[in-house]
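**Student:** predicted coordinates and the sequence they were generated for:
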Amino acid sequence: MSIATWEFESPPLHIIFCKQAEIAQLVEHNLAKVGVAGPSPVFRSLFIRKTTNRSYMNLYLRYFDRETLVHTVDEAIAFLSEIEEVGMNPVLEADIREYAASDVFYPKRYKVRPRVYFIIIKTEADNMQDFKDKKAVHNTAALVSASKASTPALVRLNEERPGWYEGMIDFKRVLLVPGTGKYQYRDTQFIANVKAMSGMDCYNRIVDYLRERVDERSQFPSAKGKNFKFRYLGMCK
């Protein structure tokens, strides 16, 4: 079986973490096997209820190199309102307030424009230094006991560890069959080194990157399935 391989450097993806949002050293392996695609995958957000005994959660916000840690949602709204590119409006404000008041613990990204986001993270850290030292973002054991539906694999997928990740995804890529005018699904493996906040964030960045470069009918697997694998490489420099 022949495998064609290309290695190339991608342009930086200007997402929320600026340098931390780059995808680099992308490696694509087009497998010779041709298959018929199955049902389209359904993407679902993972909602994990917080189990902390504390009665409040602080909020960390970042847009490129602008960041803050605030104690109230009003402070968060004020910070974002000062950033012209964000374009604060009543709909966005209402969504942020709903997220802050909810039991959803997972970080939330808001799109400013294509491939540009700001992020909000709930944290027990009292100040920026505590947050940077990763002293109080969440307790993995507590998250497991919080939801019987959670498995060690899901906890690992959503565990926040900012740094470099290697992600590998096997997906169904739509390609034109030369000389026929017809299209086929081809099993394709794509590997990337990504600066991300978690395994799930690594998956999202890879899929966002690929969606802009392959036929829109291509099909991507769930991050929770066997067709996506990742490993943590180390902290960002």
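**Tutor:** Done, it's in. Numbering: from 1, shown residues only.
**Student:** for the chain, what spans make up the helices?
**Tutor:** 73-81, 90-101, 128-132, 140-146, 152-158, 199-211 (DSSP state H).
**Student:** could I get the ones you listed as a markdown table with mean neighbour count, mean pLDDT and distance to Asp187?
**Tutor:** Glycine gets a C-beta too; all of them are placed from N, C-alpha and C. Formatted as a markdown table, these follow (neighbours: other Cβ atoms under 10 Å; pLDDT from 0 to 100; distance: least, Cβ to Cβ, whole Å):
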| stretch | mean neighbour count | mean pLDDT | distance to Asp187 |
| --- | --- | --- | --- |
| helix 73-81 | 17 | 95 | 42 |
| helix 90-101 | 13 | 91 | 37 |
| helix 128-132 | 14 | 84 | 41 |
| helix 140-146 | 14 | 45 | 34 |
| helix 152-158 | 16 | 84 | 23 |
| helix 199-211 | 22 | 93 | 14 |
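**Student:** possible to save those as CSV with distance to Leu59?
**Tutor:** Listed next are these as CSV, based on distance: least, Cβ to Cβ, whole Å:
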stretch, distance to Leu59
helix 73-81, 5
helix 90-101, 6
helix 128-132, 10
helix 140-146, 19
helix 152-158, 18
helix 199-211, 18
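**Student:** to Tyr60, which of those helices lies closest?
**Tutor:** helix 128-132 (5.5 Å; Cβ to Cβ).
**Student:** walk me through the domains of this structure.
**Tutor:** Using automatic domain parsing, the domain ranges for the chain come out as 4-11+22-41+165-234, 58-138.
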